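Participant: here's a sequence, model it:
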Amino acid sequence: MDINSNNSSPVLTDPAPINLLPYPQSGASFSSNIPRKKPEKLDEVHYNGWLDAMKSSSPPRKKLIKDLNFEDAADEIEIEIAYFSWMLKYPSALNSFGQITKFAKNKKIAIFLDYDGTLSPIVDDPDQALMSDDMRSAVRNVAKYFPTAIITGRNRDKVFELVGLTELYYAGSHGMDIMGPVNEAVSSNHPDCIKSTDQQGKEVNLLQPARDFIPMIDEVFTTLVENTKDIKGARVENHKFCASVHYRNVDEKNWPIIAQRVHDVLKLYPRLRLAHGRKVLEVRPEIDWNKGKAVEFLLESLGLGNSDDVLPIYIGDDRSDEDAFKVLREGNRGYGILVSSAPKETNAFYSLRDPSEVMKFLCWLVRWKKLGEGVSSVNKRWSI
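Facilitator: Numbering: from 1, shown residues only. Model prediction:
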């Protein structure tokens, strides 16, 4: 394919609605014989390290120093110092832009993006995690010059609704629901890949390696709704191939309770597993598939797999993005860029502080491609 062409790739739609239930409310009806077991003790989630994982994956929001007392302000300054020390190992992708484009020269770039915390801010209500118009414009412009995909834990249709760009490829449910270009060689190697059509009637490939788990996820979702409806602030989402329990708005003293409730349900489903995200517990199928596998599949579908003249760049902020970072780090295949305002261990090469820096990086990529100039000119124009 022509790497510089603007390939219109609208998302596929599915007839099944997206289930999203806030709390407290009455809960969904449930006819299964699965017991709604209430926890008698919380030893198991402590022993299994669930609570530690919940806290480590959910750092508190930073406050402005001017709003803090002296001791807290000193702590924040110490955190900032630690962050800049961390950046010595994971330097800013903006400060390293000249180095990145030097390596990218004469290579075909492919861009992969997470959504929440990367293209949109992290907010209390997932429905309000909206891209700004400027960010949408930046992503649209990137897609004009480079094949671009969004790989998210959200339902694929939901993220398309939020993004609204037909120029992109979309992968939902952490890569378990991928819409990509038709590639006969790739589809023949993936038994779960079928041909379908998008909203514009264009033929596309649809890969859903966890298709058989849909009834099980629906059942688990309904059970989690019932078992968490009395926990103030809890929220459960059905992403079709995984179920998410959000505790962002749950009082921290109730985190052990919500963890135990999820744990008790999960014990009944040996084919499912738990994953931790930013103030979310996610129940997923126990299959060998993740965002890293999704990146590899999309690269193959684009005809860019296993090629020395391709540079994939993946930008994400969550634990689930680490699988993609790891794939790109292995064999120096590409660059992972972690979006984080706090130090954390990662498989990424570079870092960006927040979505505003992500947008700036995307805009710089477009300008670099338009100019088609050397690294020295890039450094002068952008004062890196």
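Participant: for stretch 104-111, buried residues please.
Facilitator: Ala104, Lys107, Lys108, Ile109, Ala110, Ile111 (16 or more other CB atoms under 10 Å). The C-beta positions use only the backbone N, C-alpha and C, and glycine is treated the same way.
Participant: a markdown table please, covering the residues you listed and showing pLDDT and secondary structure.
Facilitator: As requested, the buried residues of stretch 104-111 are exported to a markdown table (pLDDT from 0 to 100; DSSP: H, G, I helix; E, B strand; the rest coil):
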| residue | pLDDT | secondary structure |
| --- | --- | --- |
| Ala104 | 94 | helix |
| Lys107 | 94 | coil |
| Lys108 | 95 | strand |
| Ile109 | 97 | strand |
| Ala110 | 97 | strand |
| Ile111 | 98 | strand |
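Participant: spatially, which two of the residues you listed are the most separated?
Facilitator: Farthest-apart pair in the buried residues of stretch 104-111 is Lys107 and Ile111; separation 12.7 Å (CB to CB).
Participant: dump the buried residues of stretch 104-111 into TSV; add distance to Met359 as well.
Facilitator: Shown next, in TSV, are these (distance: CB to CB, whole Å):
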residue	distance to Met359
Ala104	19
Lys107	23
Lys108	23
Ile109	17
Ala110	19
Ile111	13
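Participant: pretty sure His239 contacts Gly175?
Facilitator: No - checked against CB atoms under 8 Å, the pair His239 and Gly175 is beyond contact range at 11.6 Å.
Participant: show me the strands in the stretch 51-200 of the chain, by range?
Facilitator: Along the stretch 51-200 of the chain, the stretches classed as strands by DSSP state E, counting those that start in this stretch are 108-113, 148-151, 169-172, 177-180, 193-197.
Participant: which among those strands is found nearest to Gly305?
Facilitator: strand 108-113 (10.2 Å).
Participant: which other helices and strands does that closest one contact?
Facilitator: Here strand 108-113 touches helix 133-145, strand 148-151, helix 291-301, strand 310-316, helix 355-371, going by 3 or more CB pairs under 8 Å, 6 or more residues apart in numbering; DSSP states H and E.
Participant: possible to save these as CSV with distance to Leu51 and mean neighbour count?
Facilitator: Formatted as CSV, the helices and strands packed on strand 108-113 follow (distance: least, CB to CB, whole Å; neighbours: other CB atoms under 10 Å):
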stretch, distance to Leu51, mean neighbour count
helix 133-145, 34, 18
strand 148-151, 28, 26
helix 291-301, 25, 24
strand 310-316, 25, 26
helix 355-371, 29, 18
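Participant: tell me the secondary structure at Ala275.
Facilitator: Per DSSP: H, G, I helix; E, B strand; the rest coil, the local secondary structure of Ala275 is strand.
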